[in-house]
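S.K.: Predicted coordinates and the sequence they were generated for:
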Amino acid sequence: MGCFFSKKSKRKSSEKEDRTPTTTTVETTTTSNAVPLGNNTDEAPKQYSWDKREKVDPKDYMLTGLKDVTVGRLPGKLKGQQFVIQECENCNIYVFDHSATITLDDCVNCRIVLGPVKGSVFFRDCKDIKCVVACQQFRTRDCKKMDVFLCCATQPIIESSTGMKFACFQYYYPDLAFHFKDAGLSIFNNNWSNIHDFTPVSGENNWSLLPETAAVQDFVPAPDSESEFKSVRVLTDSAHSIVPLTKGGRRKDSEESCLFVFFAGEYTTANARKLIDEATSKGFMLIQTKEVSMRPEDVKRVFQNNAEDLVEWISKGPVIALELNGDGVVEACKNIANEMFSGTKVFVSDNKNTSSRDVDNFFNFADMQMGL
């Protein structure tokens, strides 16, 4: 490449006339095999991977300065990109797609739905917000009066914020399960009620939990029939929610809990949902769920006397664990396991005298594994 940028040497006019401008030859050891070298202008310029990227218009990934409108993004519009919402007032905002991160600044009196976010959702200087959010990390700073139906894989954090109320995520639209997968989130890892307040005030509570009867449709309405989102079928009842409805940090109704664990298989998620439906139909309460990977030493520490039979199963993938609560729940879960999951590898607490220990052993391990 250096020869293209070197200065031309001064030659006599006769040398210039004798020069052939198009092609020269390099002699190999055999003169008959001369190799032509030339100024081949027909070759297309080399393309690099960054030349082939689709051009991105930043305006497609932000909502700014809007008032009294219904806006957002339909499925397939963000495709994992970052998104910004700022200075919006009295708006209904629906982001029906997965994204990398979302920041929301200076928004007032808005109803917001955010599809699964691979990284963080950060509200700053917002007030009078009602929202449905699924994310890896949730954080607020300098916010007032927010009602949040949340699915968060890590511990939610509030800072310099007041009047914050939380409930378990309850939402469905047709692409939501795929968006959870694209964002790398598990529907079973939800720490919605485990709030950390960076700036607590002595004698005051900056946050609380919404009533168990709180329903999403009373806070965040479905898109109206005149909006561009009318084609998206939305359901907000707990029975159809992609994320299981859990009791979280609320007081348990009974002293008896049961640990039910599904080991990885082709229908693990479907089986867990089937168990939840069956157990709750019998009046039992789902307290918490987790999906985590385990090592042989973890199995021995968590399951103790039952570990030997379970070690081989953890190599197949993560386990899904559920804590169910209610008088008689242990015996009921054992019956469900025998009747509905006889061909599936599961662990169920053996008796109510040791079931609380089973629950503590597993979920303490899971919280440590996830850095909670």
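M.R.: That came in fine, so what should we check first?
S.K.: quick one: the helices in the stretch 101-250 of the chain?
M.R.: Along the stretch 101-250 of the chain, counting by DSSP state H, counting those that start in this stretch, helices occupy 176-182.
S.K.: any idea where the strands of it begin and end?
M.R.: Along the stretch 101-250 of the chain, the segments classed as strands by DSSP state E, counting those that start in this stretch run 102-105, 108-124, 127-141, 144-152, 157-159, 162-168, 196-197, 207-209.
S.K.: residue ranges with poor pLDDT in the chain?
M.R.: Residue ranges of the chain with pLDDT under 70: 1-54.
S.K.: go again using 80 as the cut-off
M.R.: Scanning the chain for pLDDT under 80 picks out the ranges 1-56, 372.
S.K.: Spatially central residue in it, please.
M.R.: L185 (3.5 Å; Cα atoms, centre = their mean).
S.K.: wait, what's in contact with the closest residue in space to that residue that isn't next to it in sequence?
M.R.: Counting by Cβ to Cβ, 6 or more residues apart in numbering, P116 is the residue found nearest to L185 once chain neighbours are left out, at 5.2 Å. Where C-beta positions appear, they are placed from N, C-alpha and C, glycine not excepted. By Cβ atoms under 8 Å, 6 or more residues apart in numbering, the contact set of P116 is H98, S99, A134, C135, L176, H179, F180, D182, A183, L185.
S.K.: about what we covered before: now for the strands of the stretch 101-250 of the chain, which one comes closest to N90?
M.R.: Nearest to N90, of all the strands of the stretch 101-250 of the chain, is strand 108-124, at 4.8 Å by Cβ to Cβ.
S.K.: tell me which residues in that closest one are buried?
M.R.: Neighbour-count burial for strand 108-124, counted by 16 or more other Cβ atoms under 10 Å, picks out 108-118, 120-124.
S.K.: Might you report the residue contacts of D327?
M.R.: Going by Cβ under 8 Å, 6+ apart, the list of residues near D327 reads S254, E256.
S.K.: Where does it sit, in terms of helix or strand?
M.R.: Using DSSP states H and E, D327 falls within no helix or strand.
S.K.: gap between it and G80?
M.R.: As judged by Cβ to Cβ, to the nearest Å, D327 and G80 stand 46 Å apart.
S.K.: Got phi/psi on L310?
M.R.: L310 adopts backbone torsions of phi -110, psi -20, taken as degrees, to the nearest 10.
S.K.: Repeat that for the one 3 residues further on.
M.R.: Here is the backbone geometry of W313 (degrees, to the nearest 10): phi -80, psi -20.
S.K.: quick one, what contacts the residue lying closest to P156 once chain neighbours are set aside?
M.R.: Spatial nearest neighbour of P156, chain neighbours left out: F138 (4.2 Å); criterion: Cβ to Cβ, 6+ apart. Going by Cβ under 8 Å, 6+ apart, F138 touches S120, V121, V148, L150, C152, T154, P156, I157.
S.K.: change it to 7 Å
M.R.: With contacts taken as Cβ atoms under 7 Å, 6 or more residues apart in numbering, F138 has the following neighbours: V121, L150, C152, P156.
S.K.: Who does the third one form a beta bridge with?
M.R.: When bridges are called by DSSP bridges, C152 pairs up with C135.
S.K.: and it, how many neighbours does it have?
M.R.: Around C152 there are 28 other residues, counting by other Cβ atoms under 10 Å.
S.K.: List the contacts of it.
M.R.: Contacts for C152 were tallied using Cβ under 7 Å, 6+ apart; they are C135, F138, N190, N191, W192.
S.K.: Tell me the one of those residues nearest G265?
M.R.: With Cβ to Cβ as the yardstick, the closest approach to G265 among the contacts of C152 comes from N190, at 22.0 Å.
S.K.: Hmm, that closest one is touching T246, no?
M.R.: Yes. Taking contacts as Cβ atoms under 7 Å, N190 lies within contact range of T246: 6.5 Å.
S.K.: Next, the buried residues of stretch 191-199.
M.R.: Neighbour-count burial for stretch 191-199 flags N191, W192, S193, N194, I195, D197 (criterion: 16+ other Cβ under 10 Å).
S.K.: what does it contact?
M.R.: 150-152, 154-160, 166, 168-169, 206-207, 209, 248-249, 372.
S.K.: Weed out the non-buried ones from these.
M.R.: 150-152, 154, 156-158, 166, 168-169, 206-207, 209, 248, 372.
S.K.: Name the nearest of the residues you listed relative to Q86.
M.R.: Using Cβ to Cβ, the buried ones among the contacts of stretch 191-199 come closest to Q86 at I158, 19.6 Å.
S.K.: contacting residues around E255?
M.R.: Contacts of E255 by Cβ under 7 Å, 6+ apart: none found.
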